[in-house]
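S.K.: okay, here's the prediction I keep looking at, along with the sequence it came from:
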Amino acid sequence: MLRVGVIGLGAIGREHLDIYRNLPGVQLTAVADARFPGSDEFGVPSFGSTDALLGSGLVDAVSLCTPDDIHYQDSLSILEAGVHLLLEKPVSTSAEEAENLVKAAESSGLTVMPGHTLRFEPKYLTAHRLVESGHIGDVVHGYVRRNNKTSVADRVKGRTSVTFFLGIHDIDAVTWVAGRRVTAVQAMETTQRTSDGGQAVAVTANLRLDNGGIIQLEAAWGLPDDFPTDIDARLRLVADRGELSIDIHEQGMRAFGDTLGYPVPVAASMYGKTQGALHEELDAFVRAVRGEIPLPITMREGADAVHVATAIDKAIRTGSVEEVTYR
């Protein structure tokens, strides 16, 4: 049995808990969160810090699901303890920290995987394979969009920008699907702010690809909470021999009762067992730890997405076209 722990017991951390409990050959053995030291809520030992959990010797691997801006030191501690790491996206909100994590991961001999869930969503994986096979040719232009509800921004409380919280998904997805790196960006944000006043409600950016193509990115968390689906996300790529597009509303299902809704059935539990993209992500991490499959996404790729997000937020501040610098 692979002994796993979860650090950070917010919304995403609790999803990791449920999934690990359903994975064969995996035993959830410990959790950690400063809010729940010694709690019996989770059915396993609960610690108040990462160091306390690591010191217990109860885990072989962990998911780190703490807020984006505090990933760095805990990630280093986990690797120093010889524990395999699934690190929720983004790997950091600092390009320098991201690069240090790449070095630490590559020298550790451990399985270290960024949690970019769209890589495990069948539509995005199919799009990646279509472009990789040459089916639509070389990408010329397109767009990606990810809009979320105001309650999500309220939950984040100004800790990080919408570029890093939402845009990072699509930065990684579009570069992976297109098979191209971003070389330069220009960007703007709204003057309207989130309820705490700390962040812009929406960001748009133009991304120059290394083949000369251009992609428009939109990231926002201003949808009303009664919007009929939790996320409004789309991707479109136009290439020199074809086109592909993804629209998450196209699930073939809608429901109307007191309100109109577009349920996402692929994310629902099925007969008491977890399924969906996050389930596939965690399962792939476990299989990579066991040496059954190559690592699906590397820390280098996770850090590259951070470099693009950093350039976008810098371009907002400077009003200039910013080159994306990779290591």
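M.R.: On my side now, so go ahead.
S.K.: so what are the sheet partners of the least confident helix or strand in the chain by mean pLDDT and their directions?
M.R.: In the chain, the helix or strand scored least confidently by mean pLDDT, DSSP states H and E is strand 260-261, which has a mean of 83. Paired neighbours of strand 260-261 in the sheet (DSSP bridges): strand 255-256 (antiparallel).
S.K.: count residues in the vicinity of the closest residue to Asp240 other than its chain neighbours, would you?
M.R.: Leaving aside its chain neighbours, Asp240 sits nearest to Gly137 (4.1 Å; criterion: C-beta to C-beta, 6 or more residues apart in numbering). C-beta coordinates here come from the backbone N, C-alpha and C atoms, glycine included. Per other C-beta atoms under 10 Å, the neighbour tally for Gly137 reads 13.
S.K.: what do you get for Val286?
M.R.: 23.
S.K.: from the chain's centre, how far out does stretch 135-153 sit?
M.R.: A distance of 14 Å separates the centroid of the chain from that of stretch 135-153, by C-alpha atoms, centre = their mean, to the nearest Å.
S.K.: quick revisit: could you report the pLDDT at the residue nearest to Asp240?
M.R.: On pLDDT, Gly137 comes in at 97.
S.K.: about what we covered before: okay, whichever helix or strand comes after the least confident helix or strand of the chain in PDB with CA atoms only?
M.R.: For strand 260-261, the succeeding helix or strand toward the C-terminus, using DSSP states H and E, is helix 277-289. What follows is helix 277-289, C-alpha atoms only, in PDB (Å, rounded to 0.1, in the frame of the first residue of the first chain):
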ATOM      1  CA  ALA A 277     -10.300  14.700 -14.300                       C
ATOM      2  CA  LEU A 278      -9.000  15.200 -10.800                       C
ATOM      3  CA  HIS A 279      -9.500  11.500 -10.100                       C
ATOM      4  CA  GLU A 280      -7.400  10.700 -13.200                       C
ATOM      5  CA  GLU A 281      -4.700  13.200 -12.100                       C
ATOM      6  CA  LEU A 282      -4.200  11.600  -8.700                       C
ATOM      7  CA  ASP A 283      -4.400   8.100 -10.100                       C
ATOM      8  CA  ALA A 284      -1.700   9.000 -12.600                       C
ATOM      9  CA  PHE A 285       0.500  10.500  -9.800                       C
ATOM     10  CA  VAL A 286       0.200   7.300  -7.800                       C
ATOM     11  CA  ARG A 287       1.100   5.200 -10.900                       C
ATOM     12  CA  ALA A 288       4.100   7.400 -11.600                       C
ATOM     13  CA  VAL A 289       5.300   7.000  -8.000                       C
END
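S.K.: what average pLDDT does helix 277-289 get?
M.R.: pLDDT averaged over helix 277-289 gives 97.
S.K.: against which helices or strands is the helix or strand following that helix packed?
M.R.: Downstream of helix 277-289, the first helix or strand assigned by DSSP H and E is helix 299-318. On a contact count with 3 or more C-beta pairs under 8 Å, 6 or more residues apart in numbering; DSSP states H and E, helix 299-318 meets helix 95-108, strand 112-115, helix 168-178, strand 182-189, strand 202-209, strand 322-323.
S.K.: nearest to Pro263, of the ones you listed?
M.R.: Shortest distance between Pro263 and the helices and strands packed on helix 299-318, using C-beta to C-beta, is found for helix 168-178: 20.4 Å.
S.K.: and that closest one with helix 299-318, angle?
M.R.: Between helix 168-178 and helix 299-318, the angle comes out at 120 degrees (axes from the mean of the first three to the mean of the last three C-alpha atoms, to 10 degrees).
S.K.: who are the packing partners of helix 168-178?
M.R.: Contacts defined by 3+ C-beta pairs under 8 Å, 6+ apart place helix 168-178 against helix 122-132, strand 139-149, strand 202-209, strand 214-223, strand 232-239, helix 299-318.
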